[in-house]
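> Quick one, structure for this:
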Amino acid sequence: MGKLACVFPGQGSQSVGMGKDLFDKHGEAREVLNKIDTIAGRSLTKLCFEGPEDELKRTINTQPTILAVSIAAWHCYRSNGGPLPQYVAGHSLGEFTAVHAAGALGLDDAIKLVDKRSRLMEECPRGAMSAVIGMAAEKLEQICQETSNEMDAGANGTDNVVIVANFNTREQLVISGSPKAVAVAGAKAKTEGAKVIPLPVGGAFHSPLMHAAAMEFEQLIVSTTFSDALFPIVQNLDAKEALAASDVKAKLASQMPNSVRWCESIEYMLKQGVDTFVEIGPGKALAGMVKKIDRQARVFNIYDDQTLQETLLSLRQALAV
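Numbering: from 1, shown residues only. Okay, here's the model as predicted:
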């Protein structure tokens, strides 16, 4: 076994019932989830376990609940003998879990930051996002730039902008911006043979339309205490590792209006010798992306007791070889 990375999911991985099996079977999960409820000042666990689904899908609820379950799963992993990773990373929202797991951000501050982030993002001006499948990133970036230029992006450069917001794999991308610009860019991508799927979101996440919210969020980040990380965090902003508190903090503060460079992050870790990835938190989206980026990579998930036990056994066996 080569090096190990733990990765943490972002928005879209939520489902009613997430975290309940860990809560029922692991005291450490109950302890941390109850503590998170107290910090949040509301029952995130009830939302996780009971929904309703429509409420769980709201950004203001989705982000803190995914964070809570992911942190609980991380605590279960570590308290049951899960080996420390050489790297951590998180997809968008998941980066906050990664920063916490690396010891760079305390639990209270992680919950408070994500609570504020979710509120700001939900209140952002109307926007749109679409998944684009089967097109090279360079080509889609060109289409987005042409679309923004043709539509005259306005005096501040954001009114009708569209950009590639998520570089999930080499051919699984997401565009984000104003509804009109996203529709036009999506239509152009279709004529080039790509599959375009509008996403059920109301905001233009990871685009310049988030600029005002990002400026407000940055003020909170600046006033929050960070520590140096215990192991490298490969961050969304530049797909490079950071250890120093100042670096982690600065890149996290710039994340909201900029693209998520997930594919590059995974490729960076692969180049550093990582061959095993453990996705910790609800869903299996990141594990699927990793396999699309490198079919040879070993991937595991931890989202309930069964997957926790299976992953720990597999890692023990791999480390013994």
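> And the strands in this structure, which stretches?
3-8, 87-90, 128-133, 162-167, 172-177, 195-198, 233-234, 241-242, 274-280, 298-302 (DSSP state E).
> Please work out the average pLDDT along the longest one.
Averaged across strand 274-280, pLDDT comes to 98.
> Could you list the paired strands of that strand along with their orientation?
Taking DSSP bridges as the criterion, strand 274-280 forms sheet pairs with strand 3-8 (parallel), strand 298-302 (parallel).
> and the last one, how far out from the chain's middle?
Yep, that's strand 298-302 we're talking about. 16 Å (CA atoms, centre = their mean, to the nearest Å).
> tell me, how many neighbours does Gly27 end up with?
Neighbouring residues of Gly27 were enumerated by other CB atoms under 10 Å; the total is 10. In short, each C-beta sits where N, CA and C put it, glycine included.
> Per-residue pLDDT of it, please?
Per-residue confidence for Gly27 comes out at a pLDDT of 97.
> Tell me how far it lies from Ile66.
Using CB to CB, to the nearest Å, one gets 22 Å for the distance from Gly27 to Ile66.
> Low-confidence bits of this structure, can you list those?
By pLDDT under 70, the low-scoring segments of the chain are 152-158, 321.
> related to what we said a few turns ago, so which of the strands paired with strand 274-280 is the most packed in?
Mean neighbour count, computed with mean count of other CB atoms under 10 Å, is highest for strand 3-8 among the strands paired with strand 274-280, reaching a mean of 26.
> what sits up against it?
70, 74, 77, 83, 85-91, 94-95, 97-98, 101, 234, 269, 272-281, 286, 290, 315 (CB atoms under 8 Å, 6 or more residues apart in numbering).
> Narrow those residues to those that are buried.
Buried by 16 or more other CB atoms under 10 Å: 70, 74, 77, 83, 85-91, 94-95, 97-98, 101, 234, 269, 274-281, 286, 290, 315, out of the contacts of strand 3-8.
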